[in-house]
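**Q** Task: produce atomic coordinates for the following.
(chains A, B, C and D)
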2 protein chains.
Amino acid sequence: MGARTARRRDPAERALEVRDAAKTIALTRGLAAISLRNLAAHCGVTSPLIAHYVPTMDALVANTFSAIAEQEISEVTRHAHTPTEPLEQFRALLDALADPSRDNVGEVWCDAWSVGRRNDALAAAARDAMDSWIALATGIIQAGQERGQFAPARPERAALVLFALVDATASYQLVSYRSRLERESLVRETLEDILKVSLQPIANVGPIRPDASSTT
Amino acid sequence: MGARTARRRDPAERALEVRDAAKTIALTRGLAAISLRNLAAHCGVTSPLIAHYVPTMDALVANTFSAIAEQEISEVTRHAHTPTEPLEQFRALLDALADPSRDNVGEVWCDAWSVGRRNDALAAAARDAMDSWIALATGIIQAGQERGQFAPARPERAALVLFALVDATASYQLVSYRSRLERESLVRETLEDILKVSLQPIANVGPIRPDASSTT
DNA sequence: GCTCTAATTTACCACCTACTCAATAAGAGT
DNA sequence: ACTCTTATTGAGTAGGTGGTAAATTAGAGC
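**A** Next up is the predicted model:
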């Protein structure tokens, strides 16, 4: 089939390829599926070459998680900061977090908690990413409160509740607990109660009967 | 060191021993550590014997999770139903859920979500156990509302928030995110806000300076 | 004490994991 | 075209996983 030996590449380029392979494996098959062989197969290369570029598997798993989490945080941050009003920013944040295209990342987070128990670097990466999320939401909530748009709940506490609900529902989804709609409204409506605002997604002013094409 | 061959046992007795071994392995090393060899070593027996008693690993993992979850649910249910007043019942429920001796079970839950993605029986077991938890809390909240002890929030919604917070903080604990005190008050105080009641644990009326002996 | 069922073992299979070391060969620089 | 660095491979170590077939042997019933 393929060439007997892979094209010789610039080390930096090959290292990047390996990191990318780790990301797509994590997003499609979970953090636990990142292995020398899987990476090698994905890159069309033998496993010792992967080992040559990766100090240790635990480190690669931790770095891969960081890369995935940080990329998502920066994308969602940009999306959430597109509007200028904090209320609209918060709605945009919730929309982004509820987007089904985020499901794969939710699975990776779930793996991170489970695997992080025995991978200190991964646990540290998870803590850092969580702090970033909390900081993002806390900032928006604070700004909204200063403009009188949100009820005066403790901003960081509200942010912690938001992500606890997001994280729990992400876990629930892995075992298909309740419908996507139920999981989503659990998050949205609970934060409506805390901040005393309407957080209905912008595009949801259409037909009376909600879209029932997919209830998972 | 031990006998060359293990004592011949009644099949029912041996099967029970295997199930017990699976439980303690799950609680000490996680659901993913349940393997033919680990079980065999734990029982002082060879792995084919375990295979002889276990139809398939996935099934054993699912059944082990069910056993652990159902035992905890029945214990906590008994504890929570000891008081007669719903408010006291709810406090007892929260106390039980916050008990650090419950940590191991929290880890097993986390594993269940992560592993449940590729083990349908396990996912179904998780859904069932979750429904039992929600039913328990919903019942107490409903009873409390009928006696005017709780604010009229939707009972099942409040129960879902409760366990979403409990489940998320259990995940957070695996990566040491925030202190035990912070995680615990996130749950308790959020439910105080929802039900508009004081949920301080009964034994917490002691010294002004909280116990700082362990902050994890 | 003998027999006979079946609990238990030994010896495997095929696959996975991380990782190491010496041999090969690609391809850039001269 | 030749050299030389080093990316890449082949072969192997030492473990892990679930699972199977057939030999062994414990111990209950007669």
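
**Q** drop to CA atoms for contacts and neighbour counts, all remaining ones
**A** Will do.

**Q** Kindly list the main-chain dihedrals of the residue nearest the centre of chain A?
**A** Centroid check for chain A by Cα atoms, centre = their mean gives A:Val105 as the closest residue, at 4.1 Å. Here is the backbone geometry of A:Val105 (degrees, to the nearest 10): phi -70, psi -40.

**Q** Name the nearest residue to it, sequence neighbours excluded.
**A** Nearest residue to A:Val105 in three dimensions, chain neighbours excluded: A:Leu27, at 6.4 Å (Cα to Cα, 6 or more residues apart in numbering or on different chains).

**Q** So that neighbour sits against A:Asn104, correct?
**A** Yes. Look at A:Leu27 against A:Asn104 with Cα atoms under 8 Å: they come within range, at 5.4 Å.

**Q** Give me the distance between A:Pro11 and DNA strand D.
**A** Applying Cα to the nearest atom of the strand, to the nearest Å, the value for A:Pro11 to DNA strand D is 5 Å.

**Q** Would you check that the residue nearest to the centre of chain A makes contact with A:Ile68?
**A** Yes. Taking contacts as Cα under 8 Å, A:Val105 lies within contact range of A:Ile68: 7.4 Å.

**Q** In contact with A:Val18, which residues?
**A** A:39, A:43, A:50, A:53 (Cα atoms under 8 Å, 6 or more residues apart in numbering or on different chains).

**Q** Just the element for the first one, please.
**A** Secondary structure here is read from DSSP states H and E; on that basis A:Leu39 sits in helix A:36-43.

**Q** can you check the third one too?
**A** Per DSSP H and E, A:Ile50 falls inside helix A:47-53.

**Q** How about the residues of chain A by DNA strand D?
**A** Residues of chain A lying near DNA strand D by Cα under 7 Å from any atom of the strand: A:4-11, A:14, A:44-49, A:52.

**Q** low-scoring stretches of chain A, by residue?
**A** A:1-3, A:202-216 (pLDDT under 70).

**Q** can you list the residues of it near chain B?
**A** A:107, A:110-111, A:113-114, A:116-117, A:120, A:123-124, A:126-127, A:157, A:160-161, A:164-165, A:167-169, A:171-172, A:174-177, A:186, A:190 (Cα under 8 Å from any Cα of the partner chain).

**Q** Near DNA strand C, which residues of chain A are found?
**A** Within chain A, the positions near DNA strand C by Cα under 7 Å from any atom of the strand are A:5, A:7-9, A:33-38, A:47-48, A:51-52, A:55-57.

**Q** Show me just the buried residues among the residues you listed.
**A** Taking 16 or more other Cα atoms under 10 Å in any protein chain shown as the criterion, what is buried in the residues of chain A next to DNA strand C is A:33-38, A:47, A:51.

**Q** residue in chain A nearest to DNA strand C?
**A** A:Ser35 (3.2 Å; Cα to the nearest atom of the strand).

**Q** Now that residue: closest residue in space, sequence neighbours ignored.
**A** In space, A:Ser35 is closest to A:Met57, 7.2 Å off (Cα to Cα, 6+ apart).

**Q** Check A:Glu85 too.
**A** Leaving out its chain neighbours, the residue that sits closest to A:Glu85 by Cα to Cα, 6+ apart is A:Gly144, at 7.6 Å.

**Q** Could you check how many residues crowd around A:Thr84?
**A** Using other Cα atoms under 10 Å in any protein chain shown, A:Thr84 has 9 other residues around it.

**Q** mind checking the SS state of it?
**A** coil (DSSP: H, G, I helix; E, B strand; the rest coil).

**Q** ditto for the one 10 residues further on
**A** Following three-state DSSP, we place A:Leu94 in the helix state.

**Q** what's the distance between it and chain B?
**A** Distance, A:Leu94 to chain B, by Cα to the nearest Cα, to the nearest Å: 17 Å.

**Q** Hmm, that residue is touching A:Glu189, no?
**A** No. Between A:Leu94 and A:Glu189 there is no contact under Cα under 8 Å: 11.0 Å.

**Q** quick one, which of the two is more surrounded?
**A** Per other Cα under 10 Å, whichever of A:Leu94 and A:Glu189 has more neighbours is A:Leu94, with 23 against 17.

**Q** any idea how far that one is from B:Ile25?
**A** Relative to B:Ile25, A:Leu94 is positioned 39 Å away (Cα to Cα, to the nearest Å).

**Q** A:Asp103 too?
**A** Distance, A:Asp103 to B:Ile25, by Cα to Cα: 30 Å.

**Q** More neighbours: which of the two?
**A** Shown here are A:Asp103 and B:Ile25; by other Cα under 10 Å, B:Ile25 has more neighbours (20 against 16).

**Q** relative to helix B:36-43, how tilted is the helix or strand hosting that one?
**A** Here B:Ile25 sits within helix B:11-29, counting by DSSP H and E. For helix B:11-29 against helix B:36-43, the angle by axes from the mean of the first three to the mean of the last three Cα atoms, to 10 degrees is 110 degrees.

**Q** Next, the buried residues of helix B:11-29.
**A** Quick answer for helix B:11-29 (16+ other Cα under 10 Å): B:14-15, B:18-27.

**Q** do stretch A:128-144 as well
**A** Using 16+ other Cα under 10 Å as the burial criterion, the residues of stretch A:128-144 that qualify are A:128-130, A:132-144.

**Q** Among those, which lie within helices?
**A** Among those, the ones falling in helices (DSSP state H) are A:128-130, A:132-144.

**Q** can you list the domains in chain A?
**A** Using automatic domain parsing, the domain ranges for chain A come out as A:9-54, A:57-195.
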